[in-house]
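# Sequence and predicted structure below; questions after.
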Amino acid sequence: MTTTPKTPSEAASSRFVRIQDGELDLNIHYNDCGAGSETVVMLHGSGPGASGWANFSRNIEPLVAAGYRVILMDCPGWSKSDSIVCTGSRSDLNARVLRGLLDALDLDRAHLIGNSMGGHSAVAFALANPARVGRLVLMGGGSGGASPFVPMPTEGIKLLQGLYREPSIDNLKKMMAVFVYDSSDLTEELFQARLDNMLARRDHLENFVSSLAANPKQFPDFGPRLAEITAQTLIVWGSNDRFVPLDSGLRLLAGIPDAQLHVFNRCGHWAQWEHADKFNRLVLDFLGH
Ligand SMILES: O=C(O)/C=C/C(=O)/C=C/C=C(\O)C(=O)O
């Protein structure tokens, strides 16, 4: 009889690692779930109060049950990881930290699933460490750069930056209303958890604002380098994404040689949450399970 691997709780899977690389010396938090010969790393988005565990709450269990080891890395400046002012490319900073984490865990290679900033960071990692990437899944992100169709910064990013500057429940609700297609799915419990996460780390909020002031373009445009990506790539987007518009996904599709794009209607910036069941099936099929 086979037994389905169980997903541990956040507390039971919570770990820290110290990453030292050149001028970087950071205590980084991650969750380590499941066991398997293949590892999937999930990288969260850049919203205030985001974390790997919160961004991927609907996706961890199916991957663990399918036999993957799932690692959720909290990027520097989010959740229980150390805070930082980032004056250069945040995508590349996160990629360096991820390389340090994989080294510390003795992992040569992993599949990467990145949401928004996590997608930008996954692409930065794939460009710098091509041999260490299995397959790439990019949702609502993968490269910075301007949209020819939508005013930039987008309405969602303006609300996100406003929330960093004035972290209040009203500003959180304003941002979340634009974040997903159907905001009736958002519960008071979810708002409260997110607000608690934000307010628990005011240093992260202040450092994000200082980072933006020092360098408004935290996520560089990888457009000219996308053809270098050798990993098979699944791009997933919501057609109603008001944070990072769908044409960014089309640019990734045009640039990454071995890529496919799946677009959900009635979906905003959180495809892995808004269409979790279909998203999980897509990803498991793409990864080969
Ligand atoms: O500015 C960008 O290109 C990226 C924006 C984000 O990463 C926004 C992400 C928001 C979340 O995923 C969140 O959970 O708040």
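That came through fine.

# what number of residues lie near residue 4?
By other CB atoms under 10 Å, the residues close to residue 4 number 10. Where C-beta positions appear, they are placed from N, C-alpha and C, glycine not excepted.

# correction: residue 229
Neighbouring residues of residue 229 were enumerated by other CB under 10 Å; the total is 23.

# show me what contacts it?
Contacts of residue 229 were listed using CB atoms under 8 Å, 6 or more residues apart in numbering, and they are 123, 126-127, 130, 136, 255-258.

# List the contacts of the residue in the stretch 1-150 of the chain positioned nearest to the ligand.
At 1.7 Å from the ligand, residue 47 is the closest residue in the stretch 1-150 of the chain, using CB to the nearest ligand atom. By CB under 8 Å, 6+ apart, the residues touching residue 47 are 116, 160, 163, 175, 179.

# mind listing what the residue lying closest to residue 242 once chain neighbours are set aside touches?
Of all residues not flanking residue 242 in the chain, residue 156 sits nearest, at 4.5 Å (CB to CB, 6 or more residues apart in numbering). Residues near residue 156 by CB under 8 Å, 6+ apart: 175, 178-179, 241-244, 269.

# Same question for residue 207.
So residue 207 contacts 77, 83-86 (CB under 8 Å, 6+ apart).

# can we see that at 7 Å?
Counting by CB atoms under 7 Å, 6 or more residues apart in numbering, residue 207 touches 77, 83-85.

# In the sheet, which strands lie alongside the longest strand along the chain, parallel or antiparallel?
Across the chain, the strand with the greatest residue count (assigned by DSSP state E) is strand 24-33. Strand 24-33 pairs in its sheet with strand 14-21 (antiparallel), strand 69-73 (antiparallel), by DSSP bridges.

# residues in the chain within reach of the ligand, list them.
45-47, 50, 55, 115-117, 141, 144, 157, 160, 219, 243-244 (CB under 6 Å from any ligand atom).

# Drop anything exposed from these.
Neighbour counting with 16 or more other CB atoms under 10 Å marks 45-47, 50, 55, 115-117, 141, 144, 157, 160, 219, 243-244 as buried within the residues of the chain next to the ligand.

# Might you specify the subset of these located within strands?
Here DSSP E is the test, and those give residue 115 as lying in strands.

# Closest one of the buried ones among the residues of the chain next to the ligand to residue 71?
The nearest member of these to residue 71, counting by CB to CB, is residue 55 at 13.4 Å.

# got a list of what the nearest residue to the closest one once chain neighbours are set aside touches?
Take residue 55 and drop its neighbours on the chain: the residue closest to it by CB to CB, 6+ apart is residue 44, 4.0 Å away. Counting by CB under 7 Å, 6+ apart, residue 44 makes contact with 50-52, 55, 75, 78, 115, 118.

# got a markdown table for those, with distance to residue 37 too?
Below are the contacts of residue 44 laid out as a markdown table (distance: CB to CB, whole Å):
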| residue | distance to residue 37 |
| --- | --- |
| 50 | 29 |
| 51 | 27 |
| 52 | 22 |
| 55 | 25 |
| 75 | 26 |
| 78 | 29 |
| 115 | 25 |
| 118 | 23 |
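
# how close does residue 271 get to residue 223?
The gap separating residue 271 from residue 223 is 22 Å, by CB to CB, to the nearest Å.

# If we go by neighbour counts, what in stretch 106-118 is buried?
For stretch 106-118, a neighbour-count test (16+ other CB under 10 Å) marks 110-118 as buried.

# nope, stretch 123-138 is what I was after
In terms of neighbour count (16+ other CB under 10 Å), stretch 123-138 has its buried residues at 123-127, 132-138.

# Mind putting the residues you listed into CSV with secondary structure and pLDDT?
What follows is the buried residues of stretch 123-138, written out as CSV (DSSP: H, G, I helix; E, B strand; the rest coil; pLDDT from 0 to 100):
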residue, secondary structure, pLDDT
123, helix, 98
124, helix, 98
125, helix, 98
126, helix, 98
127, helix, 98
132, helix, 98
133, strand, 98
134, strand, 98
135, strand, 98
136, strand, 98
137, strand, 98
138, strand, 98
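
# Which one of the buried ones among the residues of the chain next to the ligand is nearest to residue 10?
residue 55 (12.5 Å).

# quick one: residue 119 and residue 141 touch, right?
Yes. Counting by CB atoms under 7 Å, residue 141 is a contact partner of residue 119 at 3.0 Å.

# Tell me the buried residues in the longest helix seen in the chain?
In the chain, taking DSSP state H as the definition, the longest helix is helix 90-104. Neighbour counts over helix 90-104 (16+ other CB under 10 Å) mark 90-102 as buried.

# Cool, thanks, talk later.
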